[in-house]
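S.K.: How does the following fold in three dimensions:
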Amino acid sequence: MSAFTGKVAVITGAGSGIGRALALELARQGAKLALSDVDTVGLEETARRARELGAEVKSDHLDVTQREKVFEYAEAVAEHFGTVNQVYNNAGIAYHGEFERTEFKDIERIMDVDFWGVVNGTKAFLPHLIASGDGHLINVSSLFGLLGIPGQTAYNAAKFAVRGFTESLRQEMLIAKHPVKVTCVHPGGIKTAIARNAVVPEGDDQVGFAQFFDSKLARTSPEDAAKAILSGVRKNDARVLVGADAKLLDAWVRVIGPSYQRVVATIAGRIMPKG
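M.R.: Got it, this is the predicted structure:
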């Protein structure tokens with residue numbers, strides 16, 4: 001029996017990457033799964049593999065930016081399983097581009113998915129987590145929720161917001177003595193398709209950016225990321241750093257302070273692909 005056996009776990013962005021790896025690892029550990037994504041093909045593949053591992057699976061198309069749909073989905077999941085124990089707000093997208101050349105619509109899209117998607121999922125499922133008597137909310141931020149990076153103003157803004165939101169909510173749950181644990185996850189470079197699917201300003205080299213990320217930054221497999229996240233959930237960690245890069249850079253920024261920005265700017269100016 002694992003700590004996840006029989007628990008109902010909700011995972012957004014389950015069609016690929018960390019979301020899929022979480023679903024399959026939770027399936028191996030005996031959890032019941034409510035999986036969602038906008039990628040219905042990838043989602044069905046995840047659901048199929050989870051079922052092969054013996055999991056009970058509810059699989060639904062869901063756009064986390066559509067607030068009313070997220071609330072309807074939460075009610076449907078609770079009705080289907082009878083309870084909700086864990087929610088992994090994992091769905092996210094990427095954008096790379098200098099702020100001067102970034103349009104408002106690109107920033108709004110990142111904030112809608114990466115920040116408001118987390119808020120929507122939290123608001124919709126929190127009453128069910130409280131009612132379960134054994135709830136755990138897991139919000140996925142990023143290494144870029146711990147330090148700023150050139151070309152990532154939109155993504156940094158969303159992921160810093162997820163971090164602040166989640167840390168504040170954890171304290172509120174403690175004060176209210178609600179039976180809900182709260183964890184914020186900060187993955188470093190993970191070997192997923194997020195960079196290949198990222199949007200860039202018109203005229204920029206999207207392929208070059210994706211190749212740079214995949215070859216230079218993506219060091220941790222989704223499977224290892226999922227195991228690290230679930231280990232943190234099991235221990236009720238407030239913060240989970242995923243990958244050696246996340247752990248190293250988090251420690252470095254805390255030691256060196258704001259002067260990290262000049263160091264990062266110098267390095268990024270030399271090695272990052274130009275638009």
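
S.K.: The residue lying closest to residue 247 once chain neighbours are set aside: what's it in contact with?
M.R.: Closest residue to residue 247 apart from its sequence neighbours, by C-beta to C-beta, 6 or more residues apart in numbering: residue 241 at 4.8 Å. To be clear about C-beta, it is placed using only N, CA and C from the backbone, and glycine gets the same treatment. With contacts defined as C-beta atoms under 8 Å, 6 or more residues apart in numbering, the neighbours of residue 241 are 143, 186, 188, 247, 250.

S.K.: switch the cut-off to 10 Å
M.R.: Contacts were defined as C-beta atoms under 10 Å, 6 or more residues apart in numbering; by that measure residue 241 touches 143, 146, 184-188, 228, 232, 247-251.

S.K.: same check, this time on residue 68
M.R.: Shown here is residue 68, whose contacts under the criterion C-beta under 10 Å, 6+ apart are 120, 124.

S.K.: What of the one 4 residues further on?
M.R.: By C-beta under 10 Å, 6+ apart, the residues touching residue 72 are 60, 62, 66, 124.

S.K.: Need the CA coordinates for stretch 137-152. PDB is fine.
M.R.: The C-alpha atoms that make up stretch 137-152 are tabulated as PDB, following Å, rounded to 0.1, in the frame of the first residue of the first chain:
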ATOM      1  CA  LEU A 137      -3.200  20.900  -3.600                       C
ATOM      2  CA  ILE A 138      -0.100  20.800  -5.800                       C
ATOM      3  CA  ASN A 139       0.500  23.900  -8.000                       C
ATOM      4  CA  VAL A 140       3.300  23.700 -10.600                       C
ATOM      5  CA  SER A 141       5.400  26.900 -10.900                       C
ATOM      6  CA  SER A 142       8.900  26.700 -12.400                       C
ATOM      7  CA  LEU A 143      12.500  27.400 -11.800                       C
ATOM      8  CA  PHE A 144      11.500  30.700 -13.400                       C
ATOM      9  CA  GLY A 145       9.300  31.300 -10.400                       C
ATOM     10  CA  LEU A 146      12.500  31.600  -8.400                       C
ATOM     11  CA  LEU A 147      14.700  33.800 -10.600                       C
ATOM     12  CA  GLY A 148      14.200  36.100 -13.600                       C
ATOM     13  CA  ILE A 149      15.600  35.200 -17.000                       C
ATOM     14  CA  PRO A 150      16.000  37.500 -20.100                       C
ATOM     15  CA  GLY A 151      13.300  36.700 -22.700                       C
ATOM     16  CA  GLN A 152      11.000  35.300 -20.100                       C
END
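
S.K.: burial measure for residue 7, as a count.
M.R.: Residue 7 is surrounded by 22 other residues when neighbours are defined as other C-beta atoms under 10 Å.
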